[in-house]
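>>> I would like the atomic coordinates for the input below:
(one chain, ligands or ions: 3)
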Amino acid sequence: MSYRPLLSQFESSDELLTLLPQQVWLLSEELKPLYVDAEMLAACGLSMEQLAQLGWPAALHPDDVTLLLQAFDQQTGELSLDYRWRQADGSYRWVLARARRVPGERPAWLGTHTDIDQRKSSELALQDSDSLWKLALESSGDGVWDWYVQAGIELYSRRCLQIYGYDEGDVQPTPEEFDARTHPDDLAQMQRDREDHFSGRASSYRNEHRILCKDGSWKWVLSRGMVISRDDEGRPLRMVGTHTDITARRTHEALVWHQSRHDALTGLPNRTLLRERLEAELRERSAQPQPRPMAVLFVDLDHFKEVNDTLGHDAGDALLLQAAERIQASLGPRDAVGRMGGDEFTVLLGEVSSRTEAEQMAQQLIDSLARAFTLGHERVFVSASVGISLFPEHGQQIETLFKHADQALYVSKGAGRNRYSHFTPELQQAAQMRMRLATDLRSALPDGQLFLHYQPIVRLSDGSVSMAEALLRWQHPSLGDISPAVFIPIAESTGQILQIGAWVFNTAQAQAEAWRRSLRADFQISVNTSPVEFRAPDRGARNGLASSSGALKWLNACLQVDAVSLEITEGLLLDNEPAVAQQLSSLRTAGIQISLDDFGTGYSSLAYLQQHSIDVIKIDKSFVNGIGPGSTGLALCKAIIAMAHEMGLRVVAEGVETELQASLLLKAGCDYGQGYWFSKALPAEALAQWLLQRDVAR
Ligand code: C2E
Ligand code: MG
Ligand code: MG
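Numbers count the residues shown, from 1 in each chain. Ligands and ions are numbered 1, 2, ... in the order given. Down below sits the predicted model:
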């Protein structure tokens, strides 16, 4: 197809050129205009001659002239450049000048102007608004960065550099500059977060990392940003964002983290941190085909409570601190210790290859804790009990290992403290049994499986009986008789002792009243109490045993306050708790007599006897057991009896099994005897029978 007919419509090529959206011009190499199209001349209000005389640069905005001259100088033969072109009214419009050098005898530049004034103005306005929002962001104290992703240019605002102490010349405008100053531990996550946003998985970018300051310190920064333009394939072109200095917040968080995971007194890891460490350790080891063994040691200081009570809490704290230091000093680099609370520590031995090695470590710990502690002017001795469980032999999970170490510790304590014990399957069985009993015990009371037996307490001088001790019995439906020595501790640990104790008290009281009517007007039944009943949480003095057992309620309704007396243990007095002392004294003021049970097995402090008004002490059967003529056991009993009488207390000897014991105790001045020699604990009717027969026989 030929364009000739089309072209023939136009009278001249000039007319053709005016139809182009561009303006066309021709310049000599000296930048002298040779040809300028009519429209362009009209726009600038100059004739061809005038323009030729003035020269090309004269029609440009003075600020753009240098740029123009440089562009022509570049010798590439091509030119593309924005500049402002003068208008007839003296204003300027932005044009895009494009030209090509036409070689020849007299080379020249053939070029066009395209009016880009509108685009350029909006671009400039945008640049203005760019600086506006950057300014706005900076005023919040944040630094601003502006990243031309594909061009590899990143501009940092002044504030952005200031945060880290850099001056403008210190950091080149490339993204690598800050990447290189990012903490190596934080870099990978930062790049992952960035990639997530680049790929569109995250709608914006957000990461906290550390950046190296000019002075060599690190600052925590929250970096947030967003891609604001992408190319046709969705790849990011430009991304803008901010840096917020969060060093103060992170420092505070680190402090809180540290405090929440360390024991304030000793600075050791606390339960939480130790568990986290052990969990991580177990995860790592369990992943190995042949897990490397490790040991968990529960360490419990023996007699810490006594130190705390007698020397005060400051001394107790000092002791714990020194104990913590000694334990730490015994450990290797792969071991760890944490304070679990009170006087309990947990040790993780990371490098034990055998049970013997764990035992050696345990013994070492025990030895180090057995040495004297100097607390102010006092020298104090405590010992330690240790329970050991081994990974993976005794358990693979943290719960199991802890439970088993605890069971082993329980054995060490039961076996007389100051020793270590291992977890064994038998322990596990015993623990399971305890759990079963705890469950079954719940239905024991409502199902009528609990009842009381009564053991007479005999006046040694004349063999008369006006007292008996109520002893609890549990007839288990399938396991048969279960000793109170077994189930009372369980009831204590589950809290069921509160209901059971109340039931015992009420039952014994009813029985005592009945016997007062049928047997002797002064008959008295003593009832055992558990320390737990006095210490029940949230009960306070008023709501403690005094009312839980119904004692005070009953006292209000009944005049025979001395029909029931209470037996307490030394452990209760050791506590030194005001609430306990208060309850004891209110019971006593109400007229209830108090006996101190199992005397001689605990701390046996005379101070306690003086502090708390006690009526009767019951010498433990382990003393009575060993008495023979001239024995130390007898000497001890004599001393206790003399001392008790001195303080106005009466004395009961427990566990009297032979006639000889009874007569020796009588000679020693003991007031009462209780034991198989006289009678076992009997059901109520049987005891009544026994008493009647005895009265008849006497
Ligand atoms: P306990 O209060 O020291 O009671 C004396 C224990 O010694 C009783 O054991 C009794 O049967 C036993 N016994 C009595 N005479 C002799 C003897 O001549 N030789 C020997 N070897 N033992 C003798 P039982 O009934 O097994 O009670 C054990 C412990 O359980 C009691 O020791 C007491 O601490 C506790 N207990 C019993 N009933 C209750 C109760 O109702 N409440 C509380 N909290 N504890 C109770
Ligand atoms: Mg008793
Ligand atoms: Mg006793």
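>>> So the residue most central in space within the chain, which state does it fall into?
Nearest to the geometric centre of the chain sits residue 272, at 4.1 Å (Cα atoms, centre = their mean). Counting by DSSP: H, G, I helix; E, B strand; the rest coil, the backbone at residue 272 sits in helix.
>>> If we go by neighbour counts, what in the strand or helix carrying residue 638 is buried?
Using DSSP states H and E, residue 638 maps to helix 632-646. Across helix 632-646, burial judged by 16 or more other Cβ atoms under 10 Å covers 633, 634, 637, 638, 640, 641, 644. C-betas here are computed from N, CA, C, even on glycine.
>>> Now do that helix: everything it contacts.
With contact meaning Cβ atoms under 8 Å, 6 or more residues apart in numbering, helix 632-646 is reached by 599-600, 606, 609, 617, 619, 623-628, 650-651, 653, 664-665, 668-670.
>>> continuing past it, what's the next helix or strand?
Using DSSP H and E, the helix or strand that follows helix 632-646 in sequence is strand 650-653.
>>> returning to that earlier point: inside helices: which ones of the contacts of helix 632-646?
606, 609, 623, 624, 625, 664, 665 (DSSP state H).
>>> If any of these are buried, give me the PyMOL selection for them.
Buried residues among the ones in helices among the contacts of helix 632-646 (16+ other Cβ under 10 Å), as a PyMOL selection:
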select buried, resi 609+623+624+664+665
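>>> Tell me which of the ones in helices among the contacts of helix 632-646 has the lowest pLDDT.
Lowest in pLDDT among those is residue 606, which has 66.
>>> related to what we said a few turns ago, in a markdown table: the ones in helices among the contacts of helix 632-646, plus distance to ligand 1.
Supplementary listing: the ones in helices among the contacts of helix 632-646 in a markdown table, determined by distance: Cβ to the nearest ligand atom, whole Å:
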| residue | distance to ligand 1 |
| --- | --- |
| 606 | 21 |
| 609 | 18 |
| 623 | 12 |
| 624 | 8 |
| 625 | 8 |
| 664 | 15 |
| 665 | 12 |
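>>> Closest to residue 502 out of the ones in helices among the contacts of helix 632-646?
Nearest to residue 502 among the ones in helices among the contacts of helix 632-646 is residue 609, at 27.5 Å by Cβ to Cβ.
>>> which residues does the closest one contact?
596, 617, 644, 647, 649.
>>> Can you lay out those as JSON lines showing pLDDT and distance to ligand 1?
Supplementary listing: these in JSON lines, determined by pLDDT from 0 to 100; distance: Cβ to the nearest ligand atom, whole Å:
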{"residue": "596", "pLDDT": "93", "distance to ligand 1": "11"}
{"residue": "617", "pLDDT": "94", "distance to ligand 1": "12"}
{"residue": "644", "pLDDT": "91", "distance to ligand 1": "17"}
{"residue": "647", "pLDDT": "90", "distance to ligand 1": "21"}
{"residue": "649", "pLDDT": "93", "distance to ligand 1": "17"}
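>>> Please pick the buried ones from the residues you listed.
596, 617, 644, 649.
>>> So which bits of stretch 388-408 are buried?
Per 16+ other Cβ under 10 Å, stretch 388-408 contains these buried residues: 388-392, 394-395, 398, 400-408.
>>> how distant is that stretch from the center of its chain?
Per Cα atoms, centre = their mean, to the nearest Å, the displacement of stretch 388-408 from the mean C-alpha position of its chain is 21 Å.
>>> What residues does the chain have near ligand 3?
597, 598, 654 (Cβ under 5 Å from the ion).
>>> could you pick out which of those are near ligand 1?
For ligand 1, the contacts drawn from the residues of the chain next to ligand 3 by Cβ under 6 Å from any ligand atom are 597, 598, 654.
>>> Kindly reformat these as a markdown table containing distance to residue 344 and neighbour count.
Formatted as a markdown table, these follow (distance: Cβ to Cβ, whole Å; neighbours: other Cβ atoms under 10 Å):
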| residue | distance to residue 344 | neighbour count |
| --- | --- | --- |
| 597 | 27 | 24 |
| 598 | 25 | 21 |
| 654 | 33 | 23 |
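>>> Can you say which helix or strand has residue 104 in it?
Going by DSSP H and E, residue 104 is not part of any helix or strand.
>>> Can you give me the neighbour number for the closest residue to residue 373 other than its chain neighbours?
Nearest residue to residue 373 in three dimensions, chain neighbours excluded: residue 380, at 4.8 Å (Cβ to Cβ, 6 or more residues apart in numbering). Using other Cβ atoms under 10 Å, residue 380 has 20 neighbouring residues.
>>> Could you tell me how far residue 380 is located from ligand 1?
30 Å (Cβ to the nearest ligand atom, to the nearest Å).
>>> For the stretch 351-500 of the chain, give the residue positioned nearest to ligand 2.
Nearest to ligand 2 in the stretch 351-500 of the chain, going by Cβ to the ion, is residue 469, at a distance of 5.5 Å.
>>> Does the residue nearest to residue 373 touch residue 310 like I think?
No: when contacts are counted by Cβ atoms under 8 Å, residue 380 is not listed as touching residue 310 (9.3 Å).
>>> Quick one, grab the pLDDT at the spatially closest residue to residue 29 that is not a sequence neighbour.
Closest residue to residue 29 apart from its sequence neighbours, by Cβ to Cβ, 6+ apart: residue 107 at 5.6 Å. We have a pLDDT of 88 for residue 107.
>>> one step back: what is the nearest of the ones next to ligand 1 among the residues of the chain next to ligand 3 to ligand 2?
With Cβ to the ion as the yardstick, the closest approach to ligand 2 among these comes from residue 597, at 4.3 Å.
>>> Just checking: what are the partner strands of whichever strand or helix holds the closest one?
Using DSSP H and E, the element containing residue 597 is strand 594-599. If you go by DSSP bridges, strand 594-599 pairs up with strand 564-569 (parallel), strand 616-619 (parallel).
>>> can you list the residues that contact that strand?
526, 528, 565-570, 573, 584, 587-588, 609, 612-620, 640, 652, 654.
>>> before we move on, what about stretch 341-359?
By Cβ under 8 Å, 6+ apart, stretch 341-359 touches 268, 271, 274, 277-278, 281, 293-301, 304-305, 320, 323-324, 327, 331-332, 334-340, 361, 365, 388, 390, 393, 402, 405, 420, 422.
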